[in-house]
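K.L.:
Predicted structure and sequence below. I'll ask about it afterward.
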Amino acid sequence: MPAPRKYPSELRDRAQRPVQEARGQEPGLTLNAAVLRIGPRVGVNPDTLRGWCKQAAIDTGHQPGTTTEDAGWITALERENRELKRANETSHASGMSSGLGLWAGKGEGLVVRRSCGQAVVQAAEETVEQVSLRGGVLVASGAASVVVPAGPG
């Protein structure tokens with residue numbers, strides 16, 4: 001749960017409006033000068049107000065950068081990635097890395113699965129319930145698999 005915000009969104013909007021108006025009336029006025037002038041009037045630290053104004057310009061597309069919406073999406077993806085990595089490490093620690101792998105399903109073509117730091121490529125013509133590692137080739141009921149070194153990831 002995110003921390004509560006120190007300033008309500010209404011105050012943020014009210015503080016940004018005079019900065020935009022001042023910059024519109026005086027074209028040579030920099031963002032720095034505007035927030036230094038207006039920040040104390042509205043009771044907001046000038047650095048905080050500057051950050052709000054910069055982010056508002058990014059969100060509206062007037063400046064390049066990561067929008068607030070995209071930042072939230074990136075944070076959610078990073079959280080999901082951490083959870084998946086943690087689950088992957090847990091499954092490897094619980095015996096999935098013993099050299100035995102489970103395959104289920106029928107289909108044509110190839111099935112690719114990472115196991116024990118290797119990528120296992122198997123012809124998926126028959127249902128294979130359990131595959132055991134023997135040398136460099138995985139032998140299963142009615143099908144053989146080739147073990148190739150896995151790339152990073």
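P.N.:
It's in.
K.L.:
does residue 52 really touch residue 12, like I thought?
P.N.:
Yes: counting by Cβ atoms under 8 Å, residue 52 touches residue 12, with 5.5 Å between them. The C-beta positions use only the backbone N, C-alpha and C, and glycine is treated the same way.
K.L.:
Secondary structure element for residue 55, which one?
P.N.:
According to DSSP states H and E, residue 55 maps onto helix 46-60.
K.L.:
Residue 15: how many residues sit nearby?
P.N.:
21 (other Cβ atoms under 10 Å).
K.L.:
Repeat that for residue 66.
P.N.:
The burial count for residue 66: 13, using other Cβ under 10 Å.
K.L.:
any idea how far it is from residue 16?
P.N.:
Using Cβ to Cβ, to the nearest Å, we find residue 66 at a distance of 19 Å from residue 16.
K.L.:
which SS class is residue 64?
P.N.:
Assigned with DSSP: H, G, I helix; E, B strand; the rest coil, residue 64 falls in the coil class.
K.L.:
Quick check: nearest residue in space to it, chain neighbours excluded?
P.N.:
Computed as Cβ to Cβ, 6 or more residues apart in numbering, the closest residue to residue 64 that is not its neighbour in sequence is residue 58, at 7.3 Å.
K.L.:
Contact partners for the one you found?
P.N.:
Listed by Cβ atoms under 8 Å, 6 or more residues apart in numbering, the contact partners of residue 58 are 64, 65, 66, 67, 68.
K.L.:
which of those lies closest to residue 45?
P.N.:
When the contacts of residue 58 are compared for distance to residue 45 (Cβ to Cβ), residue 68 wins out at 19.8 Å.
K.L.:
number of nearby residues for the residue nearest to the closest one when sequence neighbours are not counted?
P.N.:
Leaving aside its chain neighbours, residue 68 sits nearest to residue 59 (5.5 Å; criterion: Cβ to Cβ, 6+ apart). Residues near residue 59, counting by other Cβ under 10 Å, number 16.
K.L.:
got a pLDDT number for residue 59?
P.N.:
Here the pLDDT value assigned to residue 59 is 95.
K.L.:
Hmm, residue 66 and it touching each other?
P.N.:
No: Residue 59 is beyond contact range of residue 66, at 9.7 Å (criterion: Cβ under 8 Å).
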